[in-house]
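*Asks:* using only what follows, build the 3D model:
(chains A and B)
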There are 2 protein chains.
Amino acid sequence: MPTAENFRLEETPIPEPGDGEALVRTLWLSVDPYMRWAIRGDRTNVGEVVTAEVVGEVAATRSPAVAVGQIVVGRIGWQAYGAIAADQLRVIDPTIAPIQTGVGILGMPGLTAYFGLLEVGRPRPGETVLVSGAAGAVGSAVGQIAAIKGCRAVGIAGTEAKCHHLTQDLGFDAAINYRADDLSTALKRACPDGVDVYFDNVGGRILDMVLQHLRMYARVVLCGFISQYNLEEPEVVPRHSVPLALACARMEGFFANDYFDRQDPALRELAGWIDAGRLKYREDIVEGLENAPAAFLGLFTGANVGKALVKVAEPTVAAS
Amino acid sequence: MPTAENFRLEETPIPEPGDGEALVRTLWLSVDPYMRWAIRGDRTNVGEVVTAEVVGEVAATRSPAVAVGQIVVGRIGWQAYGAIAADQLRVIDPTIAPIQTGVGILGMPGLTAYFGLLEVGRPRPGETVLVSGAAGAVGSAVGQIAAIKGCRAVGIAGTEAKCHHLTQDLGFDAAINYRADDLSTALKRACPDGVDVYFDNVGGRILDMVLQHLRMYARVVLCGFISQYNLEEPEVVPRHSVPLALACARMEGFFANDYFDRQDPALRELAGWIDAGRLKYREDIVEGLENAPAAFLGLFTGANVGKALVKVAEPTVAAS
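*Replies:* Numbers count the residues shown, from 1 in each chain, chains lettered A, B, ... in the order given. Next comes the predicted model:
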């Protein structure tokens, strides 16, 4: 488990954009569980900038692809300013929704929920869709999209407050507090016919147990395994293959990026659901670049609800 | 592990077919690994007939669906005669291939290989298809169909003789003797780019290891888990979900029966490949109903190569 001591804030000159690059001034940092994997010792060197998507403003550009003042999403990392190839930036329209949704419900987490559920999970109306990490940025979208598609949406979260949020605010049909409830009993009660689609954001013992409650021809979408990121040695459990074989079920990993050539219609559909009040999102905002480590570490203690964000700066011209 | 003492031969009167039924005289018994699962204590009562498909001859009928003398495949179990609903019988044409192929390459095992590989594994030309239990009835067909489809076919078996049979007789590109070779080293050598499709007939530690050698977007077809059928308690291993997630891979169970509404074109294609000399099969024949337990138990000791059959009787009129 990383601690605040693993992070250091450094001051360096603002970079000059090279040919084809833009200089982006960071407004919002995205904080996501997958980053724990990305900063493992074998993937990141000490002293490197922590990888992350940001929402920022184009401060200077040497590319015709973006203009100064545009709001963009790009992989700048935990920096106040970053120079990046302009064709790696996605310009967002600040009139559609608050700009920070560009790294939330109208960005990678929303698209992960959308494609993971619809393309990998392939739920049919009337089926039971179960999601873990259900109060998080991805999980809360998964359950609501499942409900929009006519499914029974059941969420797993770690506090009573989160469970209440799922059923009262987000329209989940049922919620399970994995810390308070006996998971097997709770699954039987919340999913009496078994689980048709399980969208797994956590891995670990919740996944092991859900595999005992699969309905025939179930689909298990492997999105994340936050419970395992900080383990030195893998845990050992009965083989996942056996319940899958017995239920004729499918378990599948996916990278949301593989679907991003189809992101525009997906983002339009997500924005339409937000407009119609059918898809809600909550934000968990920390202020100041220096507080990014705390926001990140909070993901692993179950502290946050909704999309974790760090607000770094205001746009030069406030978005409508 | 069951023993010969778990089986008893009984003499009972030959049954009379009821309305809509046919009386089938058993010619060949099929012996298949899945039967171990079917005769578990919680699924079969002591004293019941062991479930099995047979190739038989219609000896009497009270249904227009079949005629006396026709060769049929049906689930009669380990009996010399059985009465069964005629619409549960599949009439086979004895001029296409030896009639016992009706429970082999042109029956359930062949269709399991065909649909499991092509519909669940979905190999593309040039991909590496790995199959365990590769010298068995299903596995040997999987590897050959993979080769027909332009894939690199690699088999895992438990003796040098079987491995030799795979590469010399059946056209596999490589074979691994899991008893003699270090499995990880052998997988690296036989599948240098990783495994695109793994057709798993055995489960257990071979499956665990293959999951460490998946290529991105690999597919794991869960067909059987012979290594696990006789365990009282499940073994514990690192979670299968982790390598699947990291490789964006898919692991999926299936029942061949679910595809049997499309069995006729599949059987025609299989028969065409046999005719063309592109799909070979070997039979492991034991004579006499009383020897069925020995043939069955041999499946679990790695003794047999190819389709395990018990020859029970000759047809009244010899097939051409």
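*Asks:* care to break chain A down by domain?
*Replies:* A:4-103+A:282-311, A:108-257 (automatic domain parsing).
*Asks:* quick one: the strands in the stretch 151-300 of chain A?
*Replies:* With strands called from DSSP state E, counting those that start in this stretch, the stretch 151-300 of chain A shows them at A:152-157, A:174-177, A:195-200, A:214-222, A:236-238, A:250-253, A:283-287.
*Asks:* got any ranges where the stretch 101-250 of chain A has weak pLDDT?
*Replies:* A:225-231 (pLDDT under 70).
*Asks:* contact residues of it facing chain B?
*Replies:* Within the stretch 101-250 of chain A, the residues that sit near chain B (Cβ under 8 Å from any Cβ of the partner chain) are A:200, A:203-204, A:207-208, A:220, A:222, A:224-225, A:228, A:234-242, A:244-250. The way it works is simple: take the backbone N, C-alpha and C, and place the C-beta from them, glycine included.
*Asks:* among these, which are in helices?
*Replies:* Using DSSP state H to define helices, the subset of those located there is A:204, A:207-208, A:241-242, A:244-246.
*Asks:* show me where chain A has helices.
*Replies:* A:34-38, A:108-115, A:137-148, A:160-164, A:183-190, A:204-210, A:241-246, A:263-275, A:292-298.
*Asks:* and the third one, what does it pack onto?
*Replies:* If I follow you right, that is helix A:137-148. Contacts defined by 3 or more Cβ pairs under 8 Å, 6 or more residues apart in numbering or on different chains; DSSP states H and E place helix A:137-148 against helix A:108-115, strand A:128-131, strand A:152-157, strand A:195-200, helix A:263-275.
*Asks:* 7 Å instead?
*Replies:* Applying 3 or more Cβ pairs under 7 Å, 6 or more residues apart in numbering or on different chains; DSSP states H and E, one finds that helix A:137-148 makes contact with helix A:108-115, strand A:128-131, strand A:152-157.
*Asks:* out of those, deepest packed?
*Replies:* Ranked by mean neighbour count, the helices and strands packed on helix A:137-148 are led by strand A:128-131 with a mean of 30 (mean count of other Cβ atoms under 10 Å in any protein chain shown).
*Asks:* show me the beta-bridge partners of whichever residue of the stretch 51-200 of chain A sits closest to chain B.
*Replies:* Nearest to chain B, among the residues of the stretch 51-200 of chain A, is A:Asp200, at 7.3 Å (Cβ to the nearest Cβ). With DSSP bridges as the criterion, A:Asp200 is bridged to A:Leu222.
*Asks:* that one against A:Arg219, yeah?
*Replies:* No: contact criterion Cβ atoms under 7 Å: A:Asp200 and A:Arg219 do not qualify, at 10.7 Å.
*Asks:* more neighbours: which of those two?
*Replies:* A:Asp200 (29 against 24; other Cβ atoms under 10 Å in any protein chain shown).
*Asks:* list the residues that contact the more buried one.
*Replies:* A:132, A:207, A:220-223 (Cβ atoms under 7 Å, 6 or more residues apart in numbering or on different chains).
*Asks:* export the residues you listed to a markdown table and tack on neighbour count?
*Replies:* Formatted as a markdown table, these follow (neighbours: other Cβ atoms under 10 Å in any protein chain shown):
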| residue | neighbour count |
| --- | --- |
| A:Ser132 | 27 |
| A:Leu207 | 24 |
| A:Val220 | 29 |
| A:Val221 | 28 |
| A:Leu222 | 27 |
| A:Cys223 | 29 |
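*Asks:* got those residues as TSV, with distance to A:Glu314 columns?
*Replies:* Conversion of those to TSV gives the following (distance: Cβ to Cβ, whole Å):
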residue	distance to A:Glu314
A:Ser132	35
A:Leu207	41
A:Val220	43
A:Val221	37
A:Leu222	38
A:Cys223	33
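*Asks:* could you check how far the nearest residue to A:Ala266 once chain neighbours are set aside is from B:Val103?
*Replies:* Closest residue in space to A:Ala266, ignoring its immediate chain neighbours: A:Tyr114 at 5.1 Å, by Cβ to Cβ, 6 or more residues apart in numbering or on different chains. For A:Tyr114, the distance to B:Val103 (Cβ to Cβ, to the nearest Å) stands at 46 Å.
*Asks:* still on that earlier bit, out of the domains of chain A, which gets nearest to B:Gln144?
*Replies:* domain A:108-257 (23.4 Å; Cβ to Cβ).
*Asks:* ends of that closest one, how far apart?
*Replies:* Terminal residues of domain A:108-257 are spaced 8 Å apart (Cα to Cα, to the nearest Å).
*Asks:* and what of stretch A:288-297?
*Replies:* Terminal residues of stretch A:288-297 lie 15 Å apart, using Cα to Cα.
*Asks:* stretch A:144-154: which residues count as buried?
*Replies:* Neighbour-count burial for stretch A:144-154, counted by 16 or more other Cβ atoms under 10 Å in any protein chain shown, picks out A:144-147, A:149, A:151-154.
*Asks:* just to revisit the earlier point, which members of the residues of the stretch 101-250 of chain A next to chain B are classed as buried?
*Replies:* Looks like those have A:200, A:203-204, A:207-208, A:220, A:222, A:224-225, A:228, A:235, A:237-242, A:244-245, A:247-250 buried, using 16+ other Cβ under 10 Å.
*Asks:* tally up the residues packed near A:Leu279, please.
*Replies:* A:Leu279 has 24 nearby residues by other Cβ under 10 Å.
*Asks:* tell me the pLDDT at the closest residue to A:Gly82 other than its chain neighbours?
*Replies:* The spatially closest residue to A:Gly82, leaving aside those adjacent along the chain, is A:Ile76, at 3.4 Å (Cβ to Cβ, 6+ apart). Note for A:Ile76: predicted pLDDT of 94.
*Asks:* from A:Leu267, how far out is A:Ile76?
*Replies:* Counting by Cβ to Cβ - A:Ile76 and A:Leu267 are separated by 20 Å.
*Asks:* of these two, give the one with the bigger neighbour count.
*Replies:* A:Ile76 (26 against 22).
*Asks:* doesn't A:Gly56 make contact with the more buried one?
*Replies:* Yes: here A:Ile76 reaches A:Gly56: they are 6.4 Å apart, a contact under Cβ under 7 Å.
*Asks:* hey, what's in contact with both of those two?
*Replies:* A:24, A:26.
*Asks:* partner residues bridging A:Gly306?
*Replies:* A:Gly136.
*Asks:* so how far is chain B from it?
*Replies:* Per Cβ to the nearest Cβ, to the nearest Å, A:Gly306 is found 24 Å from chain B.
*Asks:* quick one: neighbours of that residue, just the number.
*Replies:* With other Cβ under 10 Å as criterion, A:Gly306 counts 22.
*Asks:* do the same with A:Arg124
*Replies:* 11.
*Asks:* mind listing what A:Val68 touches?
*Replies:* For A:Val68, the contact set (Cβ under 7 Å, 6+ apart) comprises A:58-61.
*Asks:* same thing with A:His213?
*Replies:* By Cβ under 7 Å, 6+ apart, the contact list for A:His213 reads A:187, A:191, A:194-195.
*Asks:* kindly report the same for A:Ile39.
*Replies:* Contacts of A:Ile39 by Cβ under 7 Å, 6+ apart are A:Val50.
*Asks:* could you check the pLDDT of the residue of chain A most remote from its centre?
*Replies:* Centroid-distance maximum for chain A: A:Asp19 at 32.6 Å, with Cα atoms, centre = their mean. Listed pLDDT for A:Asp19 reads 97.
*Asks:* near the nearest residue to A:Ala60 once chain neighbours are set aside, how many other residues are there?
*Replies:* Distance criterion Cβ to Cβ, 6+ apart; nearest residue to A:Ala60, sequence neighbours excluded, is A:Leu23 at 4.1 Å. Applying other Cβ under 10 Å, we find 23 other residues in the vicinity of A:Leu23.
*Asks:* so how far is A:Gly74 from A:Leu23?
*Replies:* Distance from A:Leu23 to A:Gly74, by Cβ to Cβ: 11 Å.
*Asks:* just A:Leu289 next, same as before
*Replies:* Counting by Cβ to Cβ, the gap from A:Leu289 to A:Gly74 is 16 Å.
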